[in-house]
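the following block contains a protein sequence and its predicted model.
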Amino acid sequence: MKKFAIIGAALLILSGCVVTSEIYRYKNRFDHFYTLLGDQEKQLFAQDKLTELGASIDKKLASDSEFYKKYREVQIYEAITSFDGAKTSWFFRYIILKELNRENLYTYMNFFTPEEQTAFASNQGINEIVENKIQKDGAFKSFMDSMRTEFRLYGFTNPQINEFFRNVVFPEVSRKQVYQLLLALKSAGLIAEYKSPEKNIADLALKLDAALKGNTLDKNKFEEIKKLSGLSKLDTASFLKIYNDFIMVEMDQDAVKKIWAELL
């Protein structure tokens with residue numbers, strides 16, 4: 001038994017080292033790109049103005065041989081040599097930074113009340129909430145400050161950090177749970193009702209809660225869906241409404257149709 005405990009502890013430590021090493025690599029990969037940018041270009045990156053940033057990069061590539069050499073080294077390392085300036089900028093914002101900060105989304109969301117999580121997901125009034133929370137919550141302020149340093153959102157304003165989480169990280173983690181959510185509704189015999197344009201989400205939520213109440217396994221699965229989506233504090237009605245009104249609306253509609261077709 002002691003031997004198994006030692007092995008388990010060793011595996012846990014190894015897993016932690018792997019995660020730490022991966023985070024370190026993402027930071028280095030991003031810094032290799034970011035340090036090539038000028039001050040104005042860094043502002044464009046923070047503002048998500050990647051078309052303008054790309055044009056600036058492409059212009060420098062044509063006139064600055066030293067910049068070209070360093071920039072191409074980054075592209076070769078990332079295997080994106082065919083990308084122009086805009087696509088390269090997109091890659092570092094929407095792939096590298098997203099992967100670096102995936103787990104930070106959950107930390108960010110845990111600072112929020114259910115109402116604030118709803119404001120975030122619906123993208124309504126969240127910037128005011130963030131500014132107010134920074135003034136009152138020292139732990140939240142420290143987290144936001146660490147995002148601007150340790151986690152590479154260099155020069156981002158508070159609204160820009162929120163925008164990054166809402167528009168870059170949140171869509172991926174929440175959309176990954178669409179299939180599981182609809183599968184849970186199907187298991188409860190409610191998927192057709194959820195698809196109906198005439199549905200009453202409040203009534204539907206009551207039915208789902210009643211179905212989950214009698215099945216601990218399904219209830220735990222549903223809570224895991226909420227957790228993985230970043231919306232762990234929402235009640236069932238609010239959760240279903242956010243998915244119906246925002247997450248699934250913002251998705252590629254062909255992908256949504258395929259999920260419906262598979263499950264109905």
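Received the coordinates, thanks.

once you drop chain neighbours, what's closest to the most centrally placed residue in the chain?
Central residue of the chain (C-alpha atoms, centre = their mean): Val169, 1.7 Å from the mean position. Nearest residue to Val169 in three dimensions, chain neighbours excluded: Leu105, at 4.5 Å (C-beta to C-beta, 6 or more residues apart in numbering). Where C-beta positions appear, they are placed from N, C-alpha and C, glycine not excepted.

now swap in Gly38 and tell me
That would be Ser56: by C-beta to C-beta, 6+ apart, it lies 7.8 Å from Gly38.

residues contacting the one you found?
Ser56 is in contact with Gly38, Gln40, Glu41, Leu44, Gly85, counting by C-beta atoms under 8 Å, 6 or more residues apart in numbering.

look at the third one and tell me its secondary structure.
Remark: Glu41 carries the secondary structure label helix [criterion: DSSP: H, G, I helix; E, B strand; the rest coil].

from Leu61, how far off is it?
Computed with C-beta to C-beta, to the nearest Å, the distance linking Glu41 and Leu61 is 13 Å.

distance of Leu183 from Ile242?
Between Leu183 and Ile242 the computed distance is 18 Å (C-beta to C-beta).

so for the two, which sits in the more crowded spot?
Taking other C-beta atoms under 10 Å, Leu183 and Ile242 do not tie; Ile242 has more neighbours (20 against 17).

the more buried one is in what secondary structure piece?
Assigned by DSSP states H and E, Ile242 belongs to helix 236-242.

Leu185 now?
helix 178-187.

could you export whichever helix or strand comes after that helix as PDB, CA atoms only?
On the C-terminal side of helix 178-187, the closest following helix or strand by DSSP H and E is helix 191-195. This file holds the C-alpha atoms of helix 191-195, laid out as PDB (Å, rounded to 0.1, in the frame of the first residue of the first chain):
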ATOM      1  CA  ILE A 191     -34.100  17.800 -26.100                       C
ATOM      2  CA  ALA A 192     -37.000  18.400 -28.500                       C
ATOM      3  CA  GLU A 193     -38.600  20.900 -26.100                       C
ATOM      4  CA  TYR A 194     -35.300  22.800 -25.800                       C
ATOM      5  CA  LYS A 195     -35.000  23.000 -29.600                       C
END
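
now tell me what touches the helix holding Ile242 from outside.
With C-beta under 8 Å, 6+ apart, helix 236-242 has contacts from 114, 118, 121-122, 194, 201-202, 204-206, 208-209, 226, 231, 234.
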